[in-house]
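Asks: Sequence and predicted model, in that order:
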Amino acid sequence: MLLQLRQLVTHLRKELVGKRIRFLGHRSPDSQPLTVGQEGLVESVDEAGTIHPKWDNGRTLGLVYGQDIYEVVPFTPNRQELIEEYIRLRVETRVYDAEHSTSYEEEFEHCYRHGCPDPNNMTNEELKDEIETCKASLP
């Protein structure tokens with residue numbers, strides 16, 4: 001039984017950590033409810049197999065594998081385009097105190113080291129807001 005749990009935890013970590021999920025419902029009626037359709041980024045899976053997302057609304061309620069219902073949110077081309085535009089604008093507008101870099105990759109790494117938010121941890125709405133902020137600071 002312990003070996004099966006370890007295998008499940010290993011599988012869940014590999015398949016879910018770093019991915020966005022959408023909450024679809026609870027099977028047990030006594031749990032603290034989340035709003036159906038709520039999305040978040042999976043940060044970890046503990047040794048008991050509880051999935052711990054960072055919900056977009058700030059909640060920290062974990063999901064119990066086999067009791068709570070969720071789905072992985074597909075990474076859509078539209079989202080990829082938003083992330084790419086955000087990264088391009090962050091580097092272009094230098095909304096951080098940049099040193100002189102020789103390549104785009106170096107600029108982007110420098111941006112992260114100086115506190116630019118990771119676009120993978122942002123909702124589409126947050127990405128759109130950040131893009132608009134960057135555009136407003138263009139000369």
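Replies: Done, it's in.

Asks: residues in contact with Y65?
Replies: Listed by C-beta atoms under 8 Å, 6 or more residues apart in numbering, the contact set of Y65 reads L8, L12, G49, T50, I51. To be clear about C-beta, it is placed using only N, CA and C from the backbone, and glycine gets the same treatment.

Asks: So it versus C134, what's the distance?
Replies: In this structure, Y65 and C134 are separated by 39 Å, where distance is defined by C-beta to C-beta, to the nearest Å.

Asks: what's the answer for E125, then?
Replies: Between E125 and C134 the computed distance is 15 Å (C-beta to C-beta).

Asks: quick one, which of these two is more surrounded?
Replies: Neighbour totals were compared for E125 and C134, and C134 leads with 19 against 10 (other C-beta atoms under 10 Å).

Asks: and the more buried one, which of the three is it?
Replies: Following DSSP: H, G, I helix; E, B strand; the rest coil, C134 is assigned to helix.

Asks: same deal with K54?
Replies: Going by three-state DSSP, the state assigned to K54 is strand.

Asks: got any ranges where the protein has weak pLDDT?
Replies: In the prediction, the chain carries residues with pLDDT under 70 at positions 1, 27-32, 75-77, 91, 93-115, 138-139.

Asks: Going by residue numbers, what spans are helices in it?
Replies: When secondary structure is read from DSSP state H, the chain shows helices at 2-16, 77-93, 104-113, 124-136.

Asks: residues in contact with the most centrally placed residue in the chain?
Replies: Geometric centre of the chain, nearest residue: N121, 3.3 Å, by C-alpha atoms, centre = their mean. Contacts for N121 (C-beta under 8 Å, 6+ apart) come out as L41, K54.
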